[in-house]
Every structure is written in structure tokens, then in C-alpha cells.
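> Got a predicted structure plus its sequence, pasted below:
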Amino acid sequence: MVRLKDIAAQAGVSVMTVSKALRGATDLSAQTKTRIKLLAQQMGYVPDSMAQGLRSRTTKLLGVVLPSVTNPMYVRTLSAIEEGAHEWGYDLILAHTLNIPEREEASIRRLLSRRVDGLLIMPVYRLAPSAPIYEELLQRQTPTVILGHRAPFCAQFSNVETDDVTGSYLITRHLLELGHKRIVFLSGPSAAPWAQERLEGYRRALREAQIEPDDRLVFSAGATIEEGEKAALQALHESVSMTALQAANDLVAMGAASVLLNQGVRIPDDLSLAGFGNIAMSEHFRVPLTTIRQPKLRLGAAAMDILQKLRHGERPESKRLPVEIIVRASTSPPKPEGAPIIAHA
């Protein structure tokens, strides 16, 4: 292993001069710093990050806590976070919660034990107004950014989120403008603020069109493909009359679509379908999906910007990013006769 004294001997300078050159100290000439850095590179010198951390009291590590990295909803956001960390010279430690509160707490504690310089957390939403691990983060004053909407238990942290009320409103209004009046809504987890916002946007658009929201058209669907399949089957079993179906996210929409297509329902000829999120698969699904584009790369970049300000002792404002509707082949006007279909399982 190449050490500082090896570089010093080769360069004919002191160990202190080598240390200063590699740190970019201002009291050395640019020529000296360039010569020593080039020599260190040629000799294969690798800095000891642990030793550097002891001197600077930083670890150059950031913790990222997500439900699961395999979920396509989070890929672009994580990519933006990694890019920002790379620019700062930081490494990421990734932890998965699988949406289990106990696992979330254990993951955060392990990251804290690694002395991470900051945390970016997509919370496990719960109805409880408080959560001990988030109270501990406040007491520790660990720089923490919430990736997504805040709930009461994490309300005191800075966050970055998307305008989900407006996004859901735009989807419902699009369906209404096509002529749909019987719009089934597959809602997300009841404890998740993003799911509440998307249900509110749906109801707001209906009321604006002077259509009273009908709770019999709202089905709990969670956030996964499997949960979308179950919700669609429930609607079929209840013989719900509908001309359009709006899902809380793209995965739920795809799960519902698979069930409907297998039942012989033609999309969009018999039934229009819309999602939310614009994951990569939505454009290439069996029927390209009308959806809401969330700026996932911008969300990750905004989260890193907030974290950087927190690490410098600032009090940055949370950010709410705009969304836009993407209209694809899965939505069209209802049948000319205007009669809603009744699909039977």
C-alpha cells in the first residue's frame, strides 16, 4: 500500500507538503500541488477515507432509505441522488424498509451507527402521530430530508414532494372532458399522504363537473401490481358500472389492466384506463398508459440541494414540484351510445 511518506520520498518533499497538496491547501503553489497529485496517481495512492473522516469529523457517507430499490417508481430519483453524491465525493449506503415500520427503524439505526453525514428517507407511512425513530433524528439533529409527502410523525423535517392533488385532478378532468361520467378510482394506502392527495384531486374534478363523488366507485388498491389486480377483480365481482378507471399509480393501473384484458375488456374501446407516475414501463405497456409525469430526477436533485443546505446549517424550505399529464392510447371517449359497460368476473 502506498503511503504519504512514499510519495514524499519520491517527490523530495516533506510528508506535510504531500498531505497539503492532496488536500488542495492554498499555501502551496499550483505547480507543486499538480506535480504531487500526478505522482500520487501514478504510484496508485488511495486515500484512507476512515483516517480522513477522523480528522474532518465527517464520513463522506449518506444514507438512503427506500421501500425497495426494485420498485420502478424510485429508480430515477435514486439515480439523481447518486449523481449528486458523486459530485460531492460522497458514497451512498442504501437500506430497504419493505414498508415495514420495524425494519425502517432498524435500517435508520444501522445508518446512524455508521455515522452518515445525512439521511434521505422515503418514509413508511403510518397513522400514528409520532414515531420514536424520527423523534430521535430530531434530537440528534441529523440532516434529514423526506423523499415524498410529510405525515404528522415526520412533519418537522424538510421534504420534497410532487403536486399530487393537481396531478390526479388533471387525469380526472381529462376523462371527464372525453365524456366519461362513471369513473372508478383505485386508491392507494390510506395512511399515505400522496394517496390522500390523489383521491382528493379525483373528487375535486368530479365536483367541479357537478358530479357528486360516489364512494361505491372507490376501491382500496394499495400501490403494487398485485394489489391492482385484486382491486380490479373486486370491481368485477361487484359488477360495477363504469366507462373509465383511474388508478393511484402506474403499477396499480397495470395490474388492473391485466385482469381486465384477460376478461375480454378492450382498452380503451370498452374502458379507458389511467395511471399516475409515468414509470418507464407505462409507455411500453400492452396499451400505452395515460398517466401523470412526476419529475423524479428533479425530485432527487432537489432533495440533495436541501440536504446540502441542512449540512451547512441553513433552514431550507421544502419543495413541491409541478406535474404534467401525458395522454397515450389507454384513454378515449366512451362508446357512442354512452352506456357504461358492466364487466362480470
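Now that the structure is in, tell me what you want to look at.
> how about low-confidence regions in the stretch 201-345 of the chain?
Residue ranges of the stretch 201-345 of the chain with pLDDT under 70: 337-345.
> And the protein, split by domain according to the record?
Following automatic domain parsing, one finds the domains of the chain at 4-47, 59-162+295-321, 164-294+326-342.
> Switch those over to CSV; also include mean neighbour count.
Every residue, glycine included, has its C-beta placed from N, CA and C. Converted to CSV, these look like this (neighbours: other C-beta atoms under 10 Å):
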stretch, mean neighbour count
domain 4-47, 14
domain 59-162+295-321, 18
domain 164-294+326-342, 20
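> I225 and A256: what is the separation?
As judged by C-beta to C-beta, to the nearest Å, I225 and A256 stand 9 Å apart.
> And for L299?
In terms of C-beta to C-beta, L299 sits 25 Å off from A256.
> And H284, by the same measure?
17 Å.
> Could you do T172 as well?
16 Å.
> just so I have it, where are all the helices in the stretch 101-250 of the chain?
For the stretch 101-250 of the chain, applying DSSP state H, counting those that start in this stretch gives helices covering 101-113, 132-140, 164-178, 193-208, 225-237, 250-262.
> and the longest one, how far from the chain's centre?
The offset between the C-alpha centroid of helix 193-208 and the centroid of the whole chain comes to 20 Å, using C-alpha atoms, centre = their mean, to the nearest Å.
> Over to E314: give its phi and psi.
phi -80, psi 170 (degrees, to the nearest 10).
> I should have written S318 there, sorry.
phi -70, psi 160.
> Would you enumerate the residues in contact with it?
R150, S158, N159, V160, E161, I306 (C-beta atoms under 8 Å, 6 or more residues apart in numbering).
> Need these in a markdown table (columns: distance to P334).
Output for the contacts of S318, formatted as a markdown table (distance: C-beta to C-beta, whole Å):
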| residue | distance to P334 |
| --- | --- |
| R150 | 38 |
| S158 | 44 |
| N159 | 39 |
| V160 | 38 |
| E161 | 33 |
| I306 | 44 |
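> between those, which is nearest A247?
Proximity of the contacts of S318 to A247 was ranked by C-beta to C-beta; the top entry is E161 with 19.4 Å.
> My read is that the closest one contacts A151, right?
No: the pair E161 / A151 is not scored as a contact, 11.3 Å apart, by C-beta atoms under 8 Å.
> From C154, how far off is the residue sitting nearest the centre point of the chain?
Nearest residue to the geometric centre of the chain (C-alpha atoms, centre = their mean): Y74, 4.5 Å. Applying C-beta to C-beta, the value for Y74 to C154 is 17 Å.
> try S187
In terms of C-beta to C-beta, S187 sits 22 Å off from C154.
> Read off the pLDDT value for the closest residue to P47 other than its chain neighbours.
Setting aside the residues directly before and after it, P47 is nearest to L22 in space (C-beta to C-beta, 6 or more residues apart in numbering), at 7.1 Å. Listed pLDDT for L22 reads 82.
> Can you get me the start-to-end distance on stretch 207-222?
24 Å (C-alpha to C-alpha, to the nearest Å).
> and that stretch, how far from the chain's centre?
Computed by C-alpha atoms, centre = their mean, the chain-centroid distance of stretch 207-222 equals 26 Å.
> which other residues reach stretch 298-310?
By C-beta under 8 Å, 6+ apart, stretch 298-310 touches 62, 76-81, 83-85, 88, 118, 120, 143-145, 147, 158, 160-162, 315-316, 318-319, 321.
> Please disregard the earlier target; I meant stretch 281-290.
Outside stretch 281-290, the residues within contact range by C-beta under 8 Å, 6+ apart are 72, 171, 174, 250, 253-254, 257, 261, 267-268, 272-275, 291, 325-331.
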